[in-house]
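Novice: Have a look; sequence and predicted model below, questions after that.
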Amino acid sequence: MDKNVTLGVRWLLVAGLVAVGLVAAYLAGSAGGSPARAETSGSTRTITVTGVGHVSVVPDELAFDLSVSVLRPGLTQALDDANGAMQSVVDTLKAAGVADKDVQTTDVSMYPEYGRHQKGQPPTLQGYRVSHSITVTVDDLSRGSDVVTAALAAGGKGVRLDGLRLQVADPEAAIGPARSDAVQQARAKAEALAEDAGRELGDVVRISENADQPYAEDMRGAYDAAASAAGPVPIQPGQEDLTASVVVVYELG
């Protein structure tokens, strides 16, 4: 009787130890990855700073939109006259040294045009209107005024200049100094903050940029052949102030 009791107690002790071991193993397995991730994320301390750089540039290109629009009694005549006027404009542009790649057709339209509607009367057909529109880029701003004036004169009475845009031929090169200035400012700020905090500045973790597009003001306005006959279109390049801003994340040692 005593022997059986002794064996029973031993088996209970063994079973208890096994159960405890299984529970401990389960708990260890369930929580095994978390401390490692927490330690890894906790060991990386960062600082985020911004830097802003500025540069002033002078536009060196001119772009403009030009259209020719004619109204004629018949559609065929309207097409012929509009096509002829635009071809004259294009030939003049090429003669002025504008490359084929810098003249692009943007729109061609044709539609009947009616007079003012009178109450109780059917609409009166005035004729057919045909319009051609192009965008032109002049890669030498010093020739811009002459090119625009010549194009307006070549288009005849139906020509219209819808606006001028002064722009920079190489935007990346133009914004480069501002970008470099922004990065240097960001690092100087990060070094000062790290020193104040008693830490050492580490490597760059992440960097992002937000830069202005280096284009000057859009000179909106309408000019026609009559205006060009009075003299060249005045164009002043002026100056464009560009800004580049960066956000940099550094490690802290």
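Specialist: Happy to help now that I have it. Numbers count the residues shown, from 1 in each chain.
Novice: Direction included, what does the helix or strand V68 falls within pair up with?
Specialist: In this structure, V68 sits in strand 61-72 according to DSSP states H and E. On the basis of DSSP bridges, the sheet neighbours of strand 61-72 come out as strand 125-138 (antiparallel), strand 159-167 (antiparallel).
Novice: Would you tell me what the next helix or strand after it is?
Specialist: Past strand 61-72, heading to the C-terminal end, the next element that is a helix or strand (DSSP H and E) is helix 75-95.
Novice: Centre of the chain to that following helix, how far?
Specialist: 34 Å (CA atoms, centre = their mean, to the nearest Å).
Novice: So for that helix, what gets flagged as buried?
Specialist: Judged by neighbour count (16 or more other CB atoms under 10 Å), helix 75-95 contains these buried residues: A78, L79, D81, A82, A85, M86, S88, V89, V90, T92, L93. Every residue, glycine included, has its C-beta placed from N, CA and C.
Novice: which residues in this structure form helices?
Specialist: With DSSP state H as the criterion, the chain has helices at 2-31, 34-43, 75-95, 144-155, 171-196, 225-229.
Novice: Can you tell me which helices and strands the fifth one packs against?
Specialist: Spelled out, it's helix 171-196. strand 45-57, strand 201-211, strand 240-252 (3 or more CB pairs under 8 Å, 6 or more residues apart in numbering; DSSP states H and E).
Novice: tell me the most buried of the ones you listed?
Specialist: The highest mean neighbour count among the helices and strands packed on helix 171-196, using mean count of other CB atoms under 10 Å, belongs to strand 240-252: a mean of 18.
Novice: now that strand against helix 171-196, angle please.
Specialist: Angle, strand 240-252 to helix 171-196, by axes from the mean of the first three to the mean of the last three CA atoms, to 10 degrees: 40 degrees.
Novice: Strand partners (parallel or antiparallel) of strand 240-252?
Specialist: The sheet places strand 240-252 alongside strand 45-57 (antiparallel), strand 201-211 (antiparallel), with pairing taken from DSSP bridges.
Novice: which stretch among the ones you listed comes nearest L161?
Specialist: Using CB to CB as the criterion, the shortest distance between L161 and those is 24.9 Å, found for strand 45-57.
Novice: what are the bridge partners for T243, then?
Specialist: Here T243 shows beta-bridge partners H54, assigned using DSSP bridges.
Novice: Surely it is in contact with A178?
Specialist: Yes: contact criterion CB atoms under 8 Å: T243 and A178 qualify, at 6.4 Å.
Novice: No further questions, thank you.
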